[in-house]
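Novice: Fold the following and give me the result.
(one chain, ligands or ions: 1)
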Amino acid sequence: MNDKKIILSGMRPTGKLHIGHFVGALENWIKFQDDYQNYHLIADYHVLTTSLDTSTIEKDTLEMAIDWIASGINPEKSPVFRQSKIKEHAELHLIFSMLITVSRLERNPTVKEQVRDLKIENITYGHLGYPVLQAADILLYKGNYVPVGEDQVPHIEITREIARRFNQTWGEVFPEPEPLLSNFARLPGLDGNAKMSKSLNNAILISDKPDEIKQKLRKAVTDPQKIRKNDPGRPEICLVFTYHKKFNSDELNEIEAGCRSGKLGCVECKLKCSMKIIDFFSPFREKRASLENRIDDIKDILVMGEAKAREVASKTITEVRENMKFG
Ligand code: TRP
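Specialist: Model prediction:
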């Protein structure tokens, strides 16, 4: 398209996104929009690695696309597309699967964690190989950078190894992509869990209405030693303080001093925090509300993104086949 460096970002379609997705990922994607050529992939095939229930996949895909666009992704500039609509992903995945060993994939810490957390007794071939599909996602578009969280860094390393192996075997086709880590760590959940997640039921959604946000924050876990208003608190262990850091940096010193001295009670602190979050996401909510009424336009946006992505992907596959002498 032009000579800008390429960023490939991707997410599984999990439906409506939470504010942790915004802080950990979307905010970065948007920031990079002008200086890089971005591709935004909806990793719908990746959903199959952990669930075969595909009954809500279309709805979840559209909800996520709406959140992306409401947050400021410009789909005219940066194609937004479904992985499963571009067959070249499957083709490149097949070729890449010959370039990496089973034992290398079994050493992948992220898959090991999933196996442990989801109590998987026998992992499928596709689940073990999901970083290989991810490598195809990235390299089809010759991505130079991939914005990811810590947990995905091992997959970028696998992508680099596959790129190197391909290039050594059949000639230079692929770059060796690098991860771009978000400079703001993930937001903790409302229950104090280190990770905000819809499945843990501890999330504030980008689409939550002001009252819902207030109500959710009211129940948030705070410093267990601060029981009454005048008890001194420890902001460093309080998740609400982490939210203030992100959404209320102007008042941070005041909040910190108030909490430590005991002058500021949790009820008031949480209310201040809700108001900031409500304000921060207010333009997103408005844009989302109007997009929700234009589902056909969203579908058209995906089809448009897929046409652009397909053009790039098919060029890469032609190059791959030529280098491999498949013609
Ligand atoms: N593997 C990522 C996840 O599980 C999603 C993903 C698929 C992805 N393909 C990608 C992320 C390409 C970045 C680039 O969440």
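Novice: Mind telling me what element residue 268 is part of?
Specialist: Element membership for residue 268, per DSSP states H and E: helix 266-292.
Novice: buried sites along the helix or strand following that helix?
Specialist: Beyond helix 266-292 on the C-terminal side, the first helix or strand identified by DSSP H and E is helix 295-323. Residues of helix 295-323 classed as buried: 298, 301-302, 305-306, 308-310, 312-313, 316-317, 320 (neighbour count, 16 or more other Cβ atoms under 10 Å). Placement of C-beta: from N, CA and C, glycine included.
Novice: Ok, stretch 189-202 next?
Specialist: Of the residues in stretch 189-202, those buried (16+ other Cβ under 10 Å) are 189-190, 196-198, 202.
Novice: quick one: which two of those residues are the most distant?
Specialist: Farthest pair in those (Cβ to Cβ) is 190 and 198. Separation: 11.7 Å.
Novice: Tell me the residues on the stretch 101-250 of the chain that lie near the ligand, please.
Specialist: When proximity is defined as Cβ under 6 Å from any ligand atom, the stretch 101-250 of the chain approaches the ligand at 134, 137-138, 146, 148, 152.
Novice: From those, which land in strands?
Specialist: 146, 148 (DSSP state E).
Novice: Take the residues of the stretch 101-250 of the chain next to the ligand and lay them out in CSV including pLDDT and neighbour count.
Specialist: Compiled in CSV, those are given as follows (pLDDT from 0 to 100; neighbours: other Cβ atoms under 10 Å):
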residue, pLDDT, neighbour count
134, 98, 27
137, 98, 27
138, 98, 28
146, 97, 22
148, 91, 21
152, 92, 17
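Novice: ok, back up a step: out of the buried residues of stretch 189-202, flag the one nearest to the ligand.
Specialist: residue 197 (12.0 Å; Cβ to the nearest ligand atom).
Novice: need the contact list for the closest one.
Specialist: By Cβ atoms under 8 Å, 6 or more residues apart in numbering, residue 197 lies in contact with 18, 20, 189, 203.
Novice: Out of those residues, flag the one nearest to residue 227.
Specialist: So of these, ranked by how close each gets to residue 227 (Cβ to Cβ), first place is residue 189, at 21.7 Å.
Novice: Can you report phi and psi for the closest one?
Specialist: When read as degrees, to the nearest 10, the backbone of residue 189 gives phi -80, psi 170.
Novice: Please consider this matter closed, and thank you.
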